[in-house]
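[1] Below are the sequence and a predicted model for it; my questions follow.
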Amino acid sequence: MNAMKTGVSVLALLALSTAAQAHKAWLLPSQTVLSSEGGWITVDGAVSNDLFYFNHNPLRLDGLSIRAPDGSKIEPQNVATGKYRTTFDVQLQKAGTYRLALSGDNANARYELNGEQKRARGTAATIAGEIPAGAKNVEITYTSRTVESFVTVGKPSDVSSVQGRGLELVAVTHPNDLYSGEAATFRFLLDGKPASGVPVEIVAGGSRYRDAQGEIKVKTDAKGEIKVTWPAAGMYWLEAVSEGTAAQGGKRSATYVGTFEVLNQ
């Protein structure tokens with residue numbers, strides 16, 4: 001797994017500047033629907049200027065979780081990280097839906113010590129220990145992000161389980177049962193509770209060949225839900241971002257990113 005030591009981790013993505021955050025992080029399976037178990041998929045992970053093209057940075061796989069339909073964990077195979085993308089293979093030995101997710105959290109602190117401005121980085125659990133005694137004007141920002149995709153072998157299985165941490169997707173409409181011209185419903189939870197008023201952006205792949213991205217922008221309702229009618233078949237990138245105040249004080253940003261395939265009816 002030494003190839004995973006290069007590239008951009010999920011935690012590093014959380015610390016990117018505002019300008020750099022225009023780049024989109026994604027996991028892209030070679031197939032999202034397979035007819036029989038025992039087959040393989042290859043997954044690309046990257047951060048790019050244009051959706052699903054490798055032209056900026058690879059994703060590092062720290063925090064990668066691959067869950068089989070029965071909830072068991074699967075290890076990625078043939079992991080390799082290059083200049084612009086990370087790739088890995090997954091063998092799908094059981095029927096049902098697989099959940100592939102990169103998750104991480106980060107905490108950044110700004111403070112004043114002896115008249116000088118200082119910075120510290122860590123996680124929600126460790127950031128307090130990174131700030132020295134006597135620090136003044138302490139400002140902490142907590143960030144979390146999940147980058148996710150789904151693959152189904154045969155009949156789709158339930159993917160409604162959640163961890164109760166960060167911003168999570170509950171697929172009311174199954175993520176491998178999406179068709180052009182049909183409406184889908186997704187629900188978002190923040191720390192296990194409905195995430196209302198969260199802005200969601202959806203962009204179709206192939207953006208480098210379009211003058212405009214043609215993005216769909218919506219906000220979650222009181223139940224944390226959005227409804228979207230897919231305009232055409234293809235791969236889509238979805239990002240939801242919740243901004244607010246952390247329970248322990250300070251600012252908090254939680255992001256969910258998903259890649260979905262929409263099929264023709």
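    That came in fine, so what should we check first?
[2] Report all helices and strands that the helix or strand in which residue 147 is found contacts.
    Taking DSSP states H and E as the criterion, residue 147 maps to strand 136-153. Applying 3 or more CB pairs under 8 Å, 6 or more residues apart in numbering; DSSP states H and E, one finds that strand 136-153 makes contact with helix 10-14, strand 24-29, strand 33-34, strand 39-48, strand 86-92, strand 96-113, strand 167-171, strand 251-262. The C-beta positions use only the backbone N, C-alpha and C, and glycine is treated the same way.
[3] go again using 7 Å as the cut-off
    For strand 136-153, the packing partners by 3 or more CB pairs under 7 Å, 6 or more residues apart in numbering; DSSP states H and E come out as helix 10-14, strand 24-29, strand 96-113, strand 167-171, strand 251-262.
[4] Need the pLDDT of residue 20.
    Looking at residue 20, its pLDDT reads 39.
[5] tell me the pLDDT at residue 257?
    With respect to pLDDT, residue 257 scores 97.
[6] Quick check: it touching residue 166?
    No: the pair residue 257 / residue 166 is not scored as a contact, 11.8 Å apart, by CB atoms under 7 Å.
[7] I'd like the distance from the nearest residue to residue 145 once chain neighbours are set aside to residue 239, if you could.
    Spatial nearest neighbour of residue 145, excluding adjacent residues (CB to CB, 6 or more residues apart in numbering): residue 255 at 4.3 Å. Distance, residue 255 to residue 239, by CB to CB, to the nearest Å: 7 Å.
[8] mind listing what the strand holding residue 147 pairs with, with the direction of each?
    Counting by DSSP bridges, the strands paired with strand 136-153 are strand 33-34 (parallel), strand 96-113 (antiparallel), strand 251-262 (parallel).
[9] for those strands, which one sits closest to residue 226?
    The closest of these to residue 226 is strand 251-262. By CB to CB, the value is 11.6 Å.
[10] Buried residues, that closest one. List them.
    Buried residues in strand 251-262, counted by 16 or more other CB atoms under 10 Å: 252-262.
[11] which stretch in the helices and strands packed on strand 136-153 has the least confidence?
    helix 10-14 (a mean of 45).
[12] quick one, what contacts residue 90?
    40-41, 43, 66, 74, 76-77 (CB atoms under 7 Å, 6 or more residues apart in numbering).
[13] what's the most distant pair in those?
    Greatest spacing in the contacts of residue 90, by CB to CB: 40 and 66 (12.7 Å).
[14] where does the protein dip in pLDDT?
    In the predicted model, the chain carries pLDDT under 70 at residues 1-22, 210-213.
[15] repeat that for 50
    Within the chain, the stretches with pLDDT under 50 are 1-21.
[16] Nearest the middle, which residue of it would you pick?
    The residue lying closest to the centre of the chain (CA atoms, centre = their mean) is residue 147, at 1.7 Å.
[17] Contacts only, for it.
    With CB under 7 Å, 6+ apart, residue 147 has these contacts: 10, 25-27, 101-102, 257.
[18] need those residues in TSV with distance to residue 232, can you?
    TSV is the format used below for the contacts of residue 147 (distance: CB to CB, whole Å):
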residue	distance to residue 232
10	30
25	23
26	19
27	22
101	26
102	27
257	21
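[19] Save the strands paired with strand 136-153 as JSON lines, and put in distance to residue 177 too.
    Compiled in JSON lines, these are given as follows (distance: least, CB to CB, whole Å):
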{"stretch": "strand 33-34", "distance to residue 177": "9"}
{"stretch": "strand 96-113", "distance to residue 177": "10"}
{"stretch": "strand 251-262", "distance to residue 177": "10"}
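[20] tell me the phi and psi of residue 128?
    The phi/psi pair for residue 128 (degrees, to the nearest 10) reads phi -60, psi -40.
[21] how much space between it and residue 158?
    Going from residue 128 to residue 158 by CB to CB gives 38 Å.
[22] out of the two, which sits in the busier spot?
    residue 128 (14 against 10; other CB atoms under 10 Å).
[23] Contacts only, for the more buried one.
    By CB under 7 Å, 6+ apart, no residues touch residue 128.
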